[in-house]
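A.B. asks: kindly return the folded structure for what I paste below:
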Amino acid sequence: MSTSIKFKLSFMMFLEFFIWGAWFVTLGRFLPVNLNANDFEIANVFSTQSWGAIIAPFIIGMIADRFFNAERILAVLHLMGAVLMYLMYQATDISAFFPYVLAYMILFMPTLALVNSVSFRQMKNPEKEFSKIRIWGTIGWIIAGLSISFLFAWDSNEGVANGLLKNTFLMASLGSLVLGLFSFTLPKTPPTKIDSSEKPSFASIIGLDAIKLLKDRNFLVFFVSSILICIPLAFYYQNANNFLGEVGMENVTGFMTIGQISEALCLLLLPVFFTRFGFKNTILIGMLAWSIRYLLFAYGDAGSATYMLLIGIALHGICYDFFFVSGQIYTDSKAGVKYKSAAQGLITLATYGVGQLIGFWVAGYVGTLYGNIKATDIGMFWQNVWLVPAAIAFVVFILFLIFFKDEKVENKTENI
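C.D. replies: Below you'll find the model as predicted:
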């Protein structure tokens, strides 16, 4: 891979996750403070991420695999996203905000699969090359979080009181505009050539070819595990920022970037773990880390046990990279040349779609279940909340350990 292509793919990843990190981390705090949203409305907004992941990936996967260049689709989606982000910035109530965030998520979630597809198509050895590109996405998320807390102070008590959190949407809009324009310069990623003698099935016409991968028992186990492990992941997205603030931590958004710094370091370690321990053991380490992290959250506090909270945040690198990035590489290896975009869309459906949708509902239910404790003992409330995802993650760990048969991951590459 040439230096020019490496730069373009790295900058693409940087902007992709800078955009996401610029507004999504503080969303749980923005909605009740700026838009006076109630718990039901907040849950609906968070679930738009999952609905976007469920509705869009197969359609985009079909188009990218069969009709249009993936980088051009990426450009159009981000340009449209820039407009929607600006409309979210201008929204003054939840009824105006919700349609924009729903439309945005339907457009944004497929781009997570598309940036992977554009990257993988340029690689001969994704197991070793992808982490060096993907790490720039993590850096983008870190820069967004540090800017919000320490450069602009939008999430400080004074900033929140003055309504400055809305500026995160403007920052994301500008980032989306830049990535939309830049995507036209990315390496050409054309549809895969298909033998004209092949008669397309109904599944291929609507882009569901990747479902065939579920006939492979190991991939089915991985697919189901991906759905289940995203239930505890949803607890983190929905509750972590609010939890850390309520137990007394200052500059929460900035400190939460410790998780992304950890993610960057773990991305560099990922090829070593792949080589030395194999795919299955790497995944299992990631699953176990989820359970440990939530136990630390359950029993930590912002006083003498602050270190437990910080370790829990820092475990994000192992939690995310060792499961999700490894899973992206595994999915790419299973898909073969024809259906790479559709396969990445499939795993996006399992994780950000079905898994997190269930997770947001479960997290909301658990919060309601223990809601009577919150008014009298905030520490006990959060302890009860975090023990639930800790238990779920450990159960998924045991199931994957038993049912997934270890196998060597080999990627099938294509000369462009």
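
A.B. asks: flag the shaky bits of this protein, pLDDT-wise.
C.D. replies: 57-65, 192-209, 337-339, 341, 410-416 (pLDDT under 70).

A.B. asks: the stretch 51-200 of the chain: helices as residue ranges?
C.D. replies: 57-66, 70-90, 94-120, 126-146, 157-161, 167-182 (DSSP state H, counting those that start in this stretch).

A.B. asks: mind listing what's buried along the third one?
C.D. replies: For helix 94-120, the neighbour count (16 or more other CB atoms under 10 Å) marks 94, 97-98, 100-120 as buried. In this view, the C-beta of every residue, glycine as well, is placed from N, C-alpha and C.

A.B. asks: repeat that for the shortest one.
C.D. replies: When burial is assessed from 16+ other CB under 10 Å, helix 157-161 yields the following buried residues: Gly159, Val160.

A.B. asks: pull that helix out as PDB, backbone CA atoms only.
C.D. replies: C-alpha atoms of helix 157-161 as PDB (Å, rounded to 0.1, in the frame of the first residue of the first chain):
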ATOM      1  CA  ASN A 157     -21.100  23.000  34.700                       C
ATOM      2  CA  GLU A 158     -21.100  26.600  33.400                       C
ATOM      3  CA  GLY A 159     -21.000  25.500  29.800                       C
ATOM      4  CA  VAL A 160     -23.900  23.100  30.200                       C
ATOM      5  CA  ALA A 161     -25.900  25.800  32.100                       C
END
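
A.B. asks: now do it: distance to the chain's middle.
C.D. replies: 27 Å (CA atoms, centre = their mean, to the nearest Å).

A.B. asks: ditto for stretch 177-184
C.D. replies: For stretch 177-184, the distance to the chain centre is 21 Å (CA atoms, centre = their mean).

A.B. asks: what do you get for stretch 295-302?
C.D. replies: With CA atoms, centre = their mean, you get 24 Å for stretch 295-302.

A.B. asks: Ile318 touches Leu284, doesn't it?
C.D. replies: No: using CB atoms under 8 Å, Ile318 is not in contact with Leu284, being 11.1 Å away.

A.B. asks: between the two, point out the one with more neighbours.
C.D. replies: Ile318 (25 against 20; other CB atoms under 10 Å).

A.B. asks: over to the nearest residue to Gly175 once chain neighbours are set aside. Which of the three states is it?
C.D. replies: Sequence neighbours aside, Ile19 is the residue nearest to Gly175 in space, at 4.3 Å (criterion: CB to CB, 6 or more residues apart in numbering). Under DSSP: H, G, I helix; E, B strand; the rest coil, Ile19 falls in the helix class.

A.B. asks: from Asn384, how far off is Ile19?
C.D. replies: 34 Å (CB to CB, to the nearest Å).

A.B. asks: looking at the two, which one has more neighbours?
C.D. replies: When neighbours are counted by other CB under 10 Å, Ile19 and Asn384 differ, and Ile19 comes out ahead with 28 against 17.
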